[in-house]
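>>> give the three-dimensional model of this entry:
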Amino acid sequence: MASRRLLKKQINYITNVIAGWCILEKSLAKEEKKDCYTQLLSDVLAYNGDILRRISHTEPGNVKGFYKKLRDDFNTKNKEFFEKLKELAD
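Got it, this is the predicted structure:
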C-alpha cells in the first residue's frame, strides 16, 4: 500500500509541474492562445485524476503487466502534453 501512495505522490508531482508550465506559459502568451493553454491545463488535470483512479483499482492477477501499461501510458501522455506546450509556445 505504501508503494501505491508513493506512486500517487510522484504522479501528482509530475502533473503539477506540467500544470505549472501551462499556467506560466498562459500568463506570458498572447490573448488568442490563452484559451488553448486553459484547455491543455484542463486536460492535464483530468488525466491526473484518471491515472490516479487507475492506480486505485489494480487488476488482480496481472499486476506487473498493469503497472507496465500504466507507466507506458503515463509517459506517452506526458510527452504529448509537452509537445503541445512546445507547439503553443512557438
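>>> count of neighbours near the closest residue to residue 58 other than its chain neighbours?
Once flanking residues are discounted, residue 58 sits nearest to residue 66: 5.7 Å by CB to CB, 6 or more residues apart in numbering. The C-beta positions use only the backbone N, C-alpha and C, and glycine is treated the same way. For residue 66, the count of nearby residues is 16 (other CB atoms under 10 Å).
>>> could you give me the buried positions within the host helix or strand of residue 66?
Using DSSP states H and E, residue 66 sits in helix 63-89. Neighbour counts using 16 or more other CB atoms under 10 Å place 66, 67, 70, 74, 77, 78, 81, 84, 85, 88 of helix 63-89 among the buried residues.
>>> list the contacts for the second one?
Looking back up the chat, that one is residue 67. For residue 67, the contacting residues are residue 58, by CB atoms under 8 Å, 6 or more residues apart in numbering.
>>> just the fifth one next, same as before
The contact partners of residue 77, by CB under 8 Å, 6+ apart, come to residue 47.
>>> residue 20 versus that one, what's the distance?
For residue 77, the distance to residue 20 equals 17 Å [CB to CB, to the nearest Å].
>>> same deal with residue 3?
According to CB to CB, residue 3 and residue 20 sit 26 Å apart.
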